[in-house]
Structures are given as structure tokens and as C-alpha cells.
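1. structural data only, the sequence is not supplied:
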């Protein structure tokens, strides 16, 4: 049933379930996506429509649970709705679900053959027809060897120490298996080191205080750290398997990222356009978590010119919140400071004229979000086209595109997530500003947000609960974050095109 109710407030919202191609899964979803009818999704007199997208690693059940909890948290701050009541406040919400959980349902102690087959299908995106291709066979054999190596490492304290240190030279079976996997998946290149990915993550988890900078710049009591990490693994096969498979998990990044873009630029863009036509006076507010920020941004921009459904939305979006966005910090940049010939994918949202997001766009950052701080830059480099070009150019004796030094004064890395650094490189009136730390227990701060601007909010004090490999990536459901979004909603209520 497309309509769901938030668990505490019973607020009804539309749960739009899409498949990997962007088509509706439920009959009601398909009906809505093709025509209006008696069961039209929103009322023509709706005043505010909230469109929400989750990110990476959400299946149907977890998406419904997290959407319901987030909507409850928003609704609980009723004073914001009261403040908009004078304008005939009549809200409606649409939650978009798309397949984004590549590794959420495997059994960590499953037989190695079964686990290797699951990872192969998800990393390569192969179906039954492609399961026996040479590429899939090679990837599956490599993954089987990686999993087998974890089982060998688990009971050996010396091997576990080499693992947490990322010293795969002492673990040749694991290192050779990863080189085979990188070759099979098309990301192999000189210097690609899965051991560094493992080391960076293990150090980051135990880093106090956490830093958003580079791990190599942090001074540690190294021997004590390694002792703690080896003890934490405690010869448990589950823990060791999770660690040795971490670089393999990162390989799913590109397929899910591309899917988020396609879902946003296709179905979600068409959805927004249609809803804006159905409710011509409604304000529209977007919320994206993790890769959901890519869905939201792509929905604003739409598909490239000439593609089906291309064209701008009928009017600007009123406000947006990107909570721990798993997208490049340069996504909205006028140009990439590492390669001035390149610009951000979503730079057109803030053109020289009126922006496509008329009200504030707010991002949250947290150093406790290990998915963004550690896994994102690792994964972003594994399959980056400019990395491949750089290797080829270096072999020819010339500097590769995108690999030169940062421009003078640039303070941010080439590969980093919005959830760590915020949006950067946007010029003009929308140039990002920093919001003071989002204080724990202070859900009523006034941020004085202005329409047409980008704000990067330091949420270290709130988004901090560590949950497995991703750290605090999922820890966004707080009154303080909801209040921040409400501040953007209210600031965008009078934006252009919303009269």
C-alpha cells in the first residue's frame, strides 16, 4: 500500500517505491507515475510538499522505518507549522524509495562460495545471464580467496596485526586476491593499495579526537593503537571478514552512485514537475540523506538536454537539506580547483540568474561519519575516470588531468564528501557559509538563514553515534537537525516563484 503512517504521530505520507530502473513497484506507484486520478497523490491546494530520499544501504523495511521516524521528528516541532499557518499551511510528504542496499542482507558467516557470489553480483551488477562471464568468474574467484584469507587470519594474532596495519605484503594471499578483483572490475592501476584502505578505516575508528583532515597528519601512540585493534578483532571470523571485505564493499560505490543520479534525473524529476503542476501554489522542499542528496540534486537539474523528460522544473524548489550527503564537495562548484576545465555536475542549480533552489540549501557535516570521511574518498578514487587518465599520462611522462596541485589557497582535498567538508567552490551570492555548530539539546537555535544561499552546518555535537563501518552516517534523526531543516523551510517560504 503506497500510503504509510509515521509510527508515533500517525502522519500519513506517500511511500513511492521504485525499482532499479526508476519504474514504480506497487500498482498504485505505477498508476500515479502515469496519470492523475481519483487517488491523486497531493491536493491541488497543498501549500508545502516535502519530497524525501534516502541514500545508500536502505532496503524497503529500513527505509519505511527511517522515513517514519524522521517524519515524526519533523511533525513534533509543530511550532514551525504554526508559524506557516497564516499562509494556509497544508503540508504533504512523499518518500522515495529506490534500491540502494548492495550489502545489507548477506550473512557474514555464510559459506564462502555463497558470499563470494553475492558480492560478485552486486559489485558487477550481473544477473543470472552474466554470472558465468569471464569477468564474473575471475571476480568470484578473487572474492572467494579474500573470504578464505579472512578465515585463515582470524586465529592468528600476528596476521591480525598485519591486517589492521594494512600491511598486505605480509598477507600475500589477500593482496593477490585484491589485485585480481581490481583487474576483474576494471579499476586496477599502479599503486592502488587495499591495505591502505583497511589501515585508514581502522585508524579512523579509534582516532581521538576525530579529525576531518588527513590521517597521515595525525600523531598516534602507534603501538598501543595496533594492540587495541588486534584485541578488538579477537579472532572472531565475523569481525575479520568485515575488515578484509571493506575495500570490496567500496567497489559498489559507483554503481549505486550512478543509480542515484539516474533515479533523480529521471523519475524523481518527472515526479517533481508533475506535482508542481498539480499544486501550482505549493512550495517544494527536498531532503536527501547520503546518496539521496544526489537524487535530490539530479531531480532539480533533470536529464541532459535532448533526453526524454529534459527541461527545467515549472518553478524553483523552495529549500533543501542534505544530511550527511555522500556526494563530492565539488558537486556544485563553478570549477574544480584541481582541474579548472571541469565543473561540478550540479553547478547549473546556481547560475548567474535566479537559482533553481530559491531558498536556503543546508548541508550537515560530522567527523563521526566514517562512511563519508573514510570510505567515500577511498571509493571515489577506486573507479575515478580522471585517476585512470592520470595513470596513462604519467606513463607518457606528462601530468594527468585533475592531478595537479591545488590552486593557491584551496583548503580542501580532491576527493571528499559533502558530509565531511560541506559544499565548496560555489561562486557568487550562493557562496557557502558556515553555520555555527548545531548544539546538542538546543533544537530552537535561530540561524538567520537567507534565501538563495548555501550553508554548511557543523553537526559534530549531534551526529556522533557510531554504528559499524559507517560510523555515525545514519545518525541524522535528531530534533536539532529537524529544526535546522525547518529554519530553511521557513526562510524559503517567500522565495521567488512561490507566490
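-> Great, that's in hand. Computed from a predicted model, the values in this text were never measured in an experiment.
2. remind me which residues of the stretch 1-150 of the chain are low pLDDT?
-> 1, 26-41, 81-87, 101-109, 125-130 (pLDDT under 70).
3. all helices for it, in order.
-> Counting by DSSP state H, counting those that start in this stretch, residue ranges of the helices within the stretch 1-150 of the chain are 27-34, 60-76, 78-84, 112-124, 134-153.
4. residue 359: which of the ones you listed is closest?
-> Proximity to residue 359, assessed across the helices of the stretch 1-150 of the chain by C-beta to C-beta, is greatest for helix 78-84 (12.8 Å). Where you see a C-beta, it was placed from the backbone N, CA and C, and this is true even at glycine.
5. average model confidence for stretch 488-496?
-> Stretch 488-496 shows a mean pLDDT of 76 in the predicted model.
6. same check, this time on stretch 350-357
-> Stretch 350-357 shows a mean pLDDT of 90.
7. for stretch 182-194, same thing?
-> The predicted model assigns stretch 182-194 a mean pLDDT of 77.
8. check which residues of it are buried.
-> For stretch 182-194, burial by neighbour count (16 or more other C-beta atoms under 10 Å) applies to 182, 184-185, 187-189, 192, 194.
9. the nearest residue to residue 63 once chain neighbours are set aside - how many residues pack around it?
-> The spatially closest residue to residue 63, leaving aside those adjacent along the chain, is residue 97, at 4.6 Å (C-beta to C-beta, 6 or more residues apart in numbering). Neighbour count of residue 97, defined by other C-beta atoms under 10 Å: 23.
10. quick one: residues contacting residue 97.
-> Residue 97 is in contact with 15-18, 54, 58, 60, 63-64, counting by C-beta atoms under 8 Å, 6 or more residues apart in numbering.
11. can I have the buried ones of those residues as a ChimeraX selection?
-> Filtering the contacts of residue 97 down to the buried ones (16+ other C-beta under 10 Å) takes a single ChimeraX command:
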select :15,16,17,18,54,58,63,64
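12. ok, back up a step: quick one: the residue nearest to residue 63 from residue 478, how far?
-> With distances defined as C-beta to C-beta, to the nearest Å, the gap from residue 97 to residue 478 amounts to 22 Å.
13. among the helices of the stretch 1-150 of the chain, which comes closest to residue 377?
-> Taking C-beta to C-beta as the criterion, residue 377 comes closest to helix 112-124 out of the helices of the stretch 1-150 of the chain, the separation being 18.8 Å.
14. show me what that closest one is packed up against.
-> Helix 112-124 makes packing contacts with helix 134-153, helix 172-185 when contacts are defined by 3 or more C-beta pairs under 8 Å, 6 or more residues apart in numbering; DSSP states H and E.
15. including distance to residue 492, could the ones you listed go into JSON lines?
-> As requested, the helices and strands packed on helix 112-124 are exported to JSON lines (distance: least, C-beta to C-beta, whole Å):
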{"stretch": "helix 134-153", "distance to residue 492": "46"}
{"stretch": "helix 172-185", "distance to residue 492": "42"}
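16. out of the ones you listed, flag the one nearest residue 466.
-> When these are ranked by distance to residue 466, counting by C-beta to C-beta, first place goes to helix 134-153 at 22.3 Å.
17. got the buried residues for the closest one?
-> Under the neighbour-count criterion of 16+ other C-beta under 10 Å, helix 134-153 has 136, 138-150, 153 buried.
18. domain map for the protein?
-> Listed domain ranges for the chain are 3-102+255-494, 112-251 (source: automatic domain parsing).
19. check contacts around the nearest residue to residue 427 once chain neighbours are set aside.
-> When the adjacent residues along the chain are set aside, residue 427 lies closest to residue 334, with 4.6 Å between them (C-beta to C-beta, 6+ apart). Neighbour list for residue 334: 343-344, 347, 425-427 [criterion: C-beta under 8 Å, 6+ apart].
20. ok, now with 10 Å
-> The neighbourhood of residue 334, defined by C-beta atoms under 10 Å, 6 or more residues apart in numbering, consists of 340, 343-344, 347, 350, 425-428, 431.
21. any idea which element it lies in?
-> Here residue 334 sits in a region with no helix or strand, counting by DSSP states H and E.
22. can you check the pLDDT for it?
-> At residue 334, pLDDT is 85.
23. save the contacts of residue 97 as CSV, and put in distance to residue 253 too.
-> Conversion of those to CSV gives the following (distance: C-beta to C-beta, whole Å):
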residue, distance to residue 253
15, 26
16, 25
17, 23
18, 20
54, 16
58, 15
60, 22
63, 19
64, 25
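24. so which of the contacts of residue 97 is the closest to residue 168?
-> The shortest gap between residue 168 and any of the contacts of residue 97 belongs to residue 58, at 31.8 Å (C-beta to C-beta).
25. that closest one contacts residue 295, correct?
-> No. When contacts are counted by C-beta atoms under 10 Å, residue 58 is not listed as touching residue 295 (11.5 Å).
26. much appreciated, bye for now.
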